[in-house]
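A.B. asks: I'll drop the sequence and a predicted model, then ask my questions.
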Amino acid sequence: MTRYALITGASSGIGLALAEALARRGRSLILVARQRDALESIALELNQRFGVEVLFRACDLGEPLRLSGFLLELEEGDRQIDLLVNCAGIGTCGPFLAHDWSAEQDLIELNVLALTRLCHAIGNMMAVQGGGQILNVSSIAAFQPGPWLSTYFASKAYVLHFSEGLREEVKKTGIKVSVLCPGVTRTRFFDAAKMNTDTVEQSTGAMTPEEVALYTVRALEKNKAIIIPGRRNRWITRVPRLLSRWMTRKIAASINKSYCPR
Ligand SMILES: NC(=O)c1ccc[n+]([C@@H]2O[C@H](COP(=O)([O-])OP(=O)(O)OC[C@H]3O[C@@H](n4cnc5c(N)ncnc54)[C@H](OP(=O)(O)O)[C@@H]3O)[C@@H](O)[C@H]2O)c1
């Protein structure tokens with residue numbers, strides 16, 4: 001029976017690069033995101049280039065009812081998923097109190113609730129199958145509080161801690177859990193979050209999604225718990241441990257302010 005890697009957020013950026021890196025290694029894929037047309041052409045291209053089966057499903061994962069429908073389809077279908085990549089994620093930037101509540105709710109629904117629900121539903125399927133692998137996408141933002149991107153940083157801290165906890169819990173079921181913490185990566189994430197893209201352009205340490213994906217698939221093969229692509233990013237995640245909390249908050253606030261829309 002064919003086994004699939006299910007990747008959310010596969011229509012662009014890091015999710016798309018991970019899909020390509022996995023297809024290159026001969027993995028059959030199920031791609032998920034909202035943009036149906038983009039998924040369709042990516043599926044066709046990956047199938048033609050790598051000869052692997054690529055299915056796709058357009059779904060707004062931030063809509064609980066649509067997510068329920070998708071999970072029901074998976075539970076009632078006969079496709080085995082042995083790798084779940086939770087990559088779909090969005091950001092909000094600027095003063096929390098000035099944001100529409102709906103923008104903050106959308107972020108929490110997608111970055112936190114949908115990711116957790118997918119781990120629960122597909123994790124249970126994997127337990128019945130006798131194992132599998134889960135990769136949750138967090139960020140180097142997870143390692144400290146982030147004024148002006150407070151909800152986003154907190155959502156990524158949740159993903160990091162949840163994934164580490166789950167890894168220990170499910171070890172005996174044969175399910176391996178890893179968490180990816182990229183630093184600044186050149187994708188449309190910043191545009192989508194209406195952030196100041198000049199700051200990204202000027203960032204010397206920014207990586208390409210392909211560099212992040214290559215490092216990640218290699219680390220996944222070694223079952224690494226926390227995957228941080230880039231030496232500079234690994235160093236950045238250690239800094240908060242050397243500083244006091246108030247100093248970490250001040251530094252994060254001044255860096256994050258440069259990403260806020262003017
Ligand atoms: N770029 C960075 O610097 C960076 C750094 C650290 C961590 N990350 C994390 O990496 C992940 C991928 O981001 P990216 O940088 O690759 O950005 P991206 O290019 O904007 O990709 C985001 C993906 O999520 C999908 N998505 C957004 N809302 C969705 C929804 N409601 N339902 C289903 N899919 C949805 C998007 O597709 P549709 O629009 O088709 O739905 C797209 O495929 C995110 O979790 C992000 O937090 C990014």
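C.D. replies: That came through, no problem.
A.B. asks: quick check, distance from stretch 230-248 to the centre of its chain.
C.D. replies: Counting by Cα atoms, centre = their mean, to the nearest Å, stretch 230-248 is centred 21 Å from the centre of its parent chain.
A.B. asks: Show me what counts as buried in it.
C.D. replies: 230, 233, 236-237, 240, 248 (16 or more other Cβ atoms under 10 Å). Heads up, the C-betas are built off the backbone N, CA and C, glycines and all.
A.B. asks: before we move on, what about stretch 204-223?
C.D. replies: By neighbour count on 16+ other Cβ under 10 Å, the buried set for stretch 204-223 is 206-207, 209-217, 219-220.
A.B. asks: Where does the prediction get shaky in the chain?
C.D. replies: Judged against pLDDT under 70, the low-scoring parts of the chain cover residues 262.
A.B. asks: try 90 this time
C.D. replies: Per-residue confidence for the chain (pLDDT under 90) gives these ranges: 1-2, 78, 196-205, 258-262.
A.B. asks: export stretch 126-135 as CSV, just CAs?
C.D. replies: Only the C-alpha atoms of stretch 126-135 are listed here, as CSV (Å, rounded to 0.1, in the frame of the first residue of the first chain):
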residue,chain,number,x,y,z
MET,A,126,-0.2,6.5,12.8
ALA,A,127,-0.6,4.8,16.2
VAL,A,128,-2.9,2.2,14.7
GLN,A,129,-0.5,1.7,11.7
GLY,A,130,2.3,1.1,14.2
GLY,A,131,4.3,4.3,13.6
GLY,A,132,5.0,7.4,11.6
GLN,A,133,6.7,10.7,11.7
ILE,A,134,5.4,14.3,12.5
LEU,A,135,7.2,17.5,11.7
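A.B. asks: just how off-centre is it within its chain?
C.D. replies: Between the mean C-alpha location of stretch 126-135 and the chain-wide mean there is a distance of 18 Å, by Cα atoms, centre = their mean.
A.B. asks: how near is Q35 to R188?
C.D. replies: The gap separating Q35 from R188 is 11 Å, by Cβ to Cβ, to the nearest Å.
A.B. asks: Over to A252?
C.D. replies: Using Cβ to Cβ, we find A252 at a distance of 23 Å from R188.
A.B. asks: got it, and L110?
C.D. replies: Per Cβ to Cβ, L110 is found 15 Å from R188.
A.B. asks: and the stretch 151-262 of the chain, which residues reach the ligand?
C.D. replies: 182, 184-185, 187-189, 192, 209 (Cβ under 6 Å from any ligand atom).
A.B. asks: For ChimeraX, what selects the buried ones among those residues?
C.D. replies: Entered in ChimeraX, the line below selects the buried ones among these, by 16+ other Cβ under 10 Å:
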select :182,184,185,187,189,209
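A.B. asks: Mind checking which of the buried residues of stretch 230-248 are in helices?
C.D. replies: Secondary structure from DSSP state H places 233, 236-237, 240, 248 of these in helices.
A.B. asks: tell me which of those residues is nearest to the ligand?
C.D. replies: The ligand has its nearest neighbour among these in N233, at 9.1 Å by Cβ to the nearest ligand atom.
A.B. asks: Would you confirm that that closest one contacts L180?
C.D. replies: No. Between N233 and L180 there is no contact, the gap being 11.0 Å when judged by Cβ atoms under 8 Å.
A.B. asks: Got the phi and psi for I81?
C.D. replies: I81 has phi and psi values of phi -110, psi 120 when expressed as degrees, to the nearest 10.
A.B. asks: can you pull up the bridge partners for it?
C.D. replies: Counting by DSSP bridges, I81 is bridged to Y4.
A.B. asks: Check the one 5 residues further on too.
C.D. replies: Beta-bridge pairing of N86 under DSSP bridges involves T8, N136.
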